[in-house]
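**Student:** 3D, please:
(chains A and B)
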Amino acid sequence: MKHNKEQLKMIAYYLGKIVQGTGFLLIIPIVTALICTEWEPLLDFMISFNLFMLIGGGLVWLGKGFKGSLKWMQGMLVASLSWLVLMVLSAIPYYMSGHYLSYLDAMFDVMSGFTTTGLGLIQNLDHASNTLNMWRHLITFVGGQGMVVLALSFLITKGEGMVCMYVGEAKDEKLLPNVADTAKAIWQISLVYLAIGTLALTGAGLAIGMSGERSFLHGLWIFMGAWSTGGFAPQSQNILYYHSALYECVTIVFLVIGSFNFALHHAIWKGNRKEIYKNIEMVSFMVTLTVTTSMALFYIGKLGVYTDATTMFRKVFYQMVSAHTTTGFMNVYAGEFLKEWGTMGILMISFAMLIGGSATSTAGGIKGIRMGIMVKALGQNIKKLISPSNRVYVAKYHFGGKNALSDELIKNTLLIVVLYLLTFLVGVTATVMCGYGLEEAIFESASVTGNVGLTIGVTSPAMPDGLKVVYIVMMWAARLEFISAFALVWKFVSEVKDVCGKVVKRSI
Amino acid sequence: MWQSRQKKYLKGIVIALLACLMSMPCFGATVKIGDLIASPESFDGKTVQIKGEVIGDVMHREEHAWINVSDESGVIGVWLTKEEADRIKVTGDYKHIGDVIGVAGTFHQSFSQQNGDTAIEAKQMAIVQEGSAVIRGISDEKAFWAIGLTLLVVALNWGRIMVWSKQKLKWKK
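**Tutor:** Okay, here's the model as predicted:
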């Protein structure tokens, strides 16, 4: 009993720190509101900031003086629980803005942002304040790096449980021996790219006829959406709003870079440029992108929707890269997928969305490394089968160096892939049960499972509340790569079982 | 005397109205933007008329410009000449309701000369209603909670703030 109390105190303490860490981010929209003289949003964000501080501070106070250190299970629980708590709290300024029909819609958008999905239920986005837009994009930018990574970088500087929380947030690559240093390195990489990307997109904005102030703000927000592979944009038409090939080209560079593994970024920064050609994730990404895009181009070309080859290549290529990197930027209307892309087009883009970007990156999906490992494992098994002798084959893959393909690794990889596919099937079934067609269900479910954010038109404020809840759970579980989400569910079920058991015993 | 003056006024009003009508392009029944987006193949290459608020930016591209027009059913891009774009004075954002315009032009499912976007190539444009600034009041209730909660957080963290400010003073010294 005492042991249980200590565990709860520990979880409360770290949860409080993560809430406080995310709460400090609200200072950025508060400053934005002051600069842009947006008084009503200023009050919304002041109220939200104080609530973050009170709740976060309260949790830290409750957990103060805990004994022992955070173990794997508690680390997982902190990571998964923090995403749910932050979803509820971060929705406060969203809901207060008046741009959402219900609190559930606001929470949906927060989870969509934190998980870098990018699906939205916001109303009248074209008249939203700069303050609200800053918060929307900040959520997706921080979500890409991870809120636990944020807390580890600035607030939680010591403790044995740091690794557990880090892994619980689906980050398994340590760039440096120390987790706190790894977290800081992830932030350093992201902030350097933030400066470069904002500058490049501001320039592109000016070149396409936008004013200086709006070019800068759009540049900053679109970079955040691209780098985090979130896909949020400040206008309801998303990237289509800009009507510019130049703007699309600049965004495509940053969304592709954003989908790379932070370990790869770190290796390149350290001068190991060859890693970009050898890395199994890069090879896997290039192969699957080429195959899915070529097939989509071939079948959409046969339908003759686009009048010329340049237009078709531009639209299809942009959407396929956006899908494969799990960004979700759109330079077409949602309805065009269903009306113009045909069944094969929808299937190819759904495959790309499910495969996704790299591990330990801002991207979602099954991930390139798992695709690579599965192919290598398949090759290894075929070699074994056709081998005339009892020769032992051990396949190797390049990931920061040569690594042997162990049975344990193959087993773990297949487990995650199966869980992704099961989640996808749950999404398809739920969507079809709500009255949507199979093609729509496959597309939307692939987008939610892969944390992509492209929509075929299913996600809207009018969709059933039950489906919104299913999508929230799918986005959350897929982003955390299931393990820490399952840990939370398992803990909850076992606690309920314990309580029920005690009640039954007493009644007997 | 009074009657002849009244007749003069009436004449003036009728002439002014006629002049207005003659100077305005002829706009018939408008189509909803949402319908254009939902069934682009039905309208492709046809002349359509839309009415809606200009939102965001007027993006000049040499002798032309891109604007985005929104009605309650959707938003669509409109490609128009620089001269016509310059007539738009207010665009919609958080602080403004943009000019409401009427546009008559060719609807393109895929506007191949301009990026291949689904858009309207304007032939005529008229300002139906001028845009204006949105006056937003501050909610007393929100102000009360914002100030009250800030004071509570400051009071609860007073000890920490004092320690922090003393440390800062030491660093300065």
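**Student:** next, count neighbours for residue A:110.
**Tutor:** For residue A:110, the count of nearby residues is 27 (other C-beta atoms under 10 Å in any protein chain shown). For every residue, glycine as well, the C-beta is placed using N, CA and C.
**Student:** next: residue A:260.
**Tutor:** Around residue A:260 there are 24 residues (other C-beta under 10 Å).
**Student:** right, and residue A:363 touches residue A:357 too?
**Tutor:** Yes: here residue A:363 lies in contact with residue A:357, judged by C-beta atoms under 8 Å, at a distance of 2.5 Å.
**Student:** mutual contacts of these two, please.
**Tutor:** Both residue A:363 and residue A:357 are in contact with A:229, A:258-259, A:325-326, where contact means C-beta atoms under 8 Å, 6 or more residues apart in numbering or on different chains.
**Student:** which among these are in contact with chain B?
**Tutor:** With C-beta under 8 Å from any C-beta of the partner chain as the criterion, the shared contacts of residue A:363 and residue A:357 include none near chain B.
**Student:** which of those residues sit farthest apart?
**Tutor:** Greatest spacing in the shared contacts of residue A:363 and residue A:357, by C-beta to C-beta: A:258 and A:326 (9.6 Å).
**Student:** neighbour count winner among those two?
**Tutor:** Using other C-beta under 10 Å, the more surrounded residue of residue A:258 and residue A:326 is residue A:326, with 35 against 29.
**Student:** assign that one to helix, strand or coil.
**Tutor:** Of the three states, residue A:326 takes coil according to DSSP: H, G, I helix; E, B strand; the rest coil.
**Student:** got a list of what it touches?
**Tutor:** Applying C-beta under 8 Å, 6+ apart to residue A:326 gives the contacts A:116, A:229, A:259, A:353, A:356-357, A:363-365, A:450-453.
**Student:** and which of these is nearest chain B?
**Tutor:** Taking C-beta to the nearest C-beta as the measure, chain B lies nearest residue A:453 of the contacts of residue A:326, at 18.2 Å.
**Student:** how near is the closest one to residue A:356?
**Tutor:** Using C-beta to C-beta, to the nearest Å, residue A:453 is found at 12 Å from residue A:356.
**Student:** in terms of helices and strands, where is the residue in the stretch 251-400 of chain A positioned nearest to chain B?
**Tutor:** Here the stretch 251-400 of chain A gets closest to chain B at one residue, residue A:311, 3.0 Å apart by C-beta to the nearest C-beta. Using DSSP states H and E, residue A:311 maps to helix A:309-324.
**Student:** buried ones in that helix?
**Tutor:** By 16 or more other C-beta atoms under 10 Å in any protein chain shown, the buried positions in helix A:309-324 come out as A:311-312, A:314-324.
**Student:** next structured bit after it?
**Tutor:** Helices and strands here follow DSSP H and E; after helix A:309-324, the next one along the chain is helix A:334-340.
**Student:** and residue A:247, which of the three is it?
**Tutor:** At residue A:247, secondary structure determined by three-state DSSP is helix.
**Student:** number of residues surrounding it?
**Tutor:** When neighbours are defined as other C-beta under 10 Å, residue A:247 has 23 of them.
**Student:** you'd agree residue A:295 is up against residue A:352?
**Tutor:** No: proximity of residue A:295 to residue A:352 does not meet the contact threshold set by C-beta under 8 Å, at 10.1 Å.
**Student:** which one of the two has more residues nearby?
**Tutor:** Shown here are residue A:295 and residue A:352; by other C-beta under 10 Å, residue A:352 has more neighbours (28 against 16).
**Student:** assumed the more buried one was part of a strand.
**Tutor:** No: read with three-state DSSP, residue A:352 is helix and lies in no strand.
**Student:** contact partners for it?
**Tutor:** A:288-289, A:292-293, A:320, A:323-324.
**Student:** let's see it at 10 Å
**Tutor:** The contact partners of residue A:352, by C-beta atoms under 10 Å, 6 or more residues apart in numbering or on different chains, come to A:288-289, A:291-293, A:296, A:319-326, A:365, A:446, A:450, A:452, A:454.
**Student:** cool, and residue A:106?
**Tutor:** By C-beta under 10 Å, 6+ apart, the contact list for residue A:106 reads A:87-88, A:90-97, A:99-100, A:121-122.
**Student:** if we go to 6 Å?
**Tutor:** Counting by C-beta atoms under 6 Å, 6 or more residues apart in numbering or on different chains, residue A:106 touches A:91, A:94-95, A:100.
**Student:** which residues in chain B form helices?
**Tutor:** B:2-23, B:33-38, B:40-43, B:82-86, B:140-156, B:158-172 (DSSP state H).
**Student:** next one: the stretch 251-400 of chain A
**Tutor:** Ranges of helices within the stretch 251-400 of chain A are A:262-269, A:275-278, A:280-303, A:309-324, A:334-340, A:342-355, A:368-386, based on DSSP state H, counting those that start in this stretch.
**Student:** how about the first one: buried residues?
**Tutor:** For helix A:262-269, the neighbour count (16+ other C-beta under 10 Å) marks A:262-268 as buried.
**Student:** what about the longest strand in chain B?
**Tutor:** strand B:47-61 (DSSP state E).
**Student:** enumerate the residues of the stretch 151-300 of chain A near chain B.
**Tutor:** A:208-210, A:235-237, A:241, A:243, A:245 (C-beta under 6 Å from any C-beta of the partner chain).
**Student:** mind doing that once more with 8 Å?
**Tutor:** With C-beta under 8 Å from any C-beta as the criterion, the stretch 151-300 of chain A meets chain B at residues A:208-211, A:214, A:235-237, A:240-245.
**Student:** what is the nearest of those to residue A:472?
**Tutor:** Lowest distance from residue A:472 to these (C-beta to C-beta) belongs to residue A:236, with 21.7 Å.
**Student:** circling back: list residues touching both of residue A:258 and residue A:326?
**Tutor:** With C-beta under 8 Å, 6+ apart as the test, residue A:258 and residue A:326 both reach A:229, A:357, A:363.
**Student:** can you add distance to residue A:484 and give the residues you listed back as JSON lines?
**Tutor:** Listed next are the shared contacts of residue A:258 and residue A:326 as JSON lines, based on distance: C-beta to C-beta, whole Å:
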{"residue": "A:229", "distance to residue A:484": "20"}
{"residue": "A:357", "distance to residue A:484": "20"}
{"residue": "A:363", "distance to residue A:484": "18"}
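**Student:** name the nearest of those relative to residue B:67.
**Tutor:** Among the shared contacts of residue A:258 and residue A:326, residue A:229 lies closest to residue B:67 (C-beta to C-beta), at 29.7 Å.
**Student:** which positions within whichever helix or strand residue A:203 is part of qualify as buried?
**Tutor:** Per DSSP H and E: residue A:203 is located in helix A:179-207. Across helix A:179-207, burial judged by 16+ other C-beta under 10 Å covers A:179-180, A:182-187, A:189-190, A:193-194, A:197-198, A:200-202, A:204-205.
**Student:** name the helices or strands packed onto the helix or strand following it?
**Tutor:** Going down the chain from helix A:179-207, the next helix or strand is helix A:212-227, by DSSP H and E. Packing partners of helix A:212-227 (3 or more C-beta pairs under 8 Å, 6 or more residues apart in numbering or on different chains; DSSP states H and E): helix A:130-145, helix A:179-207, helix A:245-258.
**Student:** which of those helices has the lowest average pLDDT?
**Tutor:** Lowest mean pLDDT within these: helix A:179-207, a mean of 90.
**Student:** who does that one touch, helix- and strand-wise?
**Tutor:** For helix A:179-207, the packing partners by 3+ C-beta pairs under 8 Å, 6+ apart are helix A:130-145, helix A:147-154, helix A:162-168, helix A:212-227, helix A:245-258, helix A:262-269.
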